[in-house]
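A.B. asks: next input, structure requested:
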Amino acid sequence: MTAGPATRADTPTRDGMGITLTPAEAAHAALVAGELTRTEPGAVDHPDWIAAARLAGCALPLRLLQAVRAYRNDPGTEGLLLIGGLPLDPAALPPTPHVPDSFEPAPTLPAALAALIGLQLGELVAYRDEKRGALVQNVVPVPALAASQSNGGSVPLEFHTENAFHPDRPDYVGLLCLRPAREGVGTNIASVRRALPLLTDKEVALLSEPRFLTAAPPSFHAADCSPAHPVLSGAPDDPDIRVDFHATTAVDQEAAAVLLRLRSALATVRRDLELRSGDLVFLDNRLVVHGRSAFVPRYDGRDRWLHRVFVSLDNRRNRARRIDGGAVLL
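C.D. replies: Residues are numbered from 1 along each chain as shown. Okay, here's the model as predicted:
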């Protein structure tokens, strides 16, 4: 059973948080981002450019900043923030790339927008073994990865916490739609806050025990399986979730059975979000699992194209794994 589409309302609701920029606000955001595209040293991953973007983001439209701040304080039951109406023109985009490990090194207008807004939520991070540690990554179909459980695949992508195997998972995942899919491909989302009432106290207790292992995804080129970990952690009545239904396995049959129950509960509360050009959605990676519907790419330069950014709330927490104190994690 699939619930309806996620909300686009301009106020916090039970189903999520959303804001659609007015034309005047979009023009304002375009001016701020446009200035960043011309800011030296002209490289998205350079610390000086990130520092400039962090400051420039304070000049974004007030209503947008208020929405980001409210979401950071409490992501709501759905755990997402949907920002619509960002100033992107699909006709002005280059062809969709289709190479492995694709990322955006230059401060293009879309990359600048993703970085600007992400830096108002927290700090951008990346992973050395994924897409060469790039801060703004491309999510595009790749012919060689078509059948894989990865961001380059086109088969159904299982529900997962982003980088569930890693001890320093991002707190938020941002997806900015540059070019929507022709087939109406949905980003599938499910919140543990909505699924929890479907589980018994015993099932929650079992999921809170370290009886699960998670392997690294195909996009990581050098990573091991996690140590045994719980799938749910924190407050029993409002836990965090850590799972990848393609890569997480249970250490015993009882744990395997309850993992299937969790999967069923999440499927019951699933919502499908079809992103349009100029939509940026943030998912709280502590509360939300996400996936993707199957689609048939044509590899003709007009396929689905998203920019992805990872946001961390506490760079002290992951300092031991940040290379030279920068944004890239081991």
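
A.B. asks: what number of residues lie near Asp252?
C.D. replies: When neighbours are counted by other Cβ atoms under 10 Å, Asp252 registers 8. For the C-beta atoms, the positions are set from N, CA and C on the backbone; glycine is no exception.

A.B. asks: and the gap between the closest residue to it other than its chain neighbours and Pro230?
C.D. replies: Leaving aside its chain neighbours, Asp252 sits nearest to Arg211 (6.4 Å; criterion: Cβ to Cβ, 6 or more residues apart in numbering). Counting by Cβ to Cβ, to the nearest Å, the gap from Arg211 to Pro230 is 7 Å.

A.B. asks: can you list the weak-confidence ranges in the stretch 1-150 of the chain?
C.D. replies: For the stretch 1-150 of the chain, the stretches with pLDDT under 70 are 1-16.

A.B. asks: mind listing the helices for it?
C.D. replies: Assigned by DSSP state H, counting those that start in this stretch, the stretch 1-150 of the chain shows helices spanning 23-37, 47-56, 62-73, 109-121.

A.B. asks: okay, these, which one's buried deepest?
C.D. replies: Greatest average neighbour count among the helices of the stretch 1-150 of the chain goes to helix 109-121 (a mean of 25), per mean count of other Cβ atoms under 10 Å.

A.B. asks: so which elements touch that one?
C.D. replies: With contacts taken as 3 or more Cβ pairs under 8 Å, 6 or more residues apart in numbering; DSSP states H and E, helix 109-121 sits against helix 23-37, helix 47-56, helix 62-73, strand 172-179, strand 280-284, strand 305-312.

A.B. asks: report the inter-axis angle for it versus strand 172-179.
C.D. replies: Put simply, helix 109-121 runs at 160 degrees to strand 172-179, going by axes from the mean of the first three to the mean of the last three Cα atoms, to 10 degrees.

A.B. asks: relative to helix 62-73, how tilted is helix 109-121?
C.D. replies: Interaxial angle, helix 109-121 versus helix 62-73 (the same axes, to 10 degrees): 50 degrees.

A.B. asks: pull the CA atoms of helix 109-121 into CSV?
C.D. replies: C-alpha atoms of helix 109-121 as CSV (Å, rounded to 0.1, in the frame of the first residue of the first chain):
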residue,chain,number,x,y,z
LEU,A,109,24.3,27.8,-10.7
PRO,A,110,22.7,24.5,-9.6
ALA,A,111,25.8,23.5,-7.6
ALA,A,112,25.9,26.9,-5.9
LEU,A,113,22.2,26.6,-4.9
ALA,A,114,22.7,23.1,-3.5
ALA,A,115,25.7,24.3,-1.5
LEU,A,116,24.2,27.5,-0.3
ILE,A,117,21.1,25.9,1.1
GLY,A,118,22.9,22.9,2.5
LEU,A,119,25.3,25.1,4.4
GLN,A,120,22.4,26.8,6.1
LEU,A,121,21.3,23.4,7.4
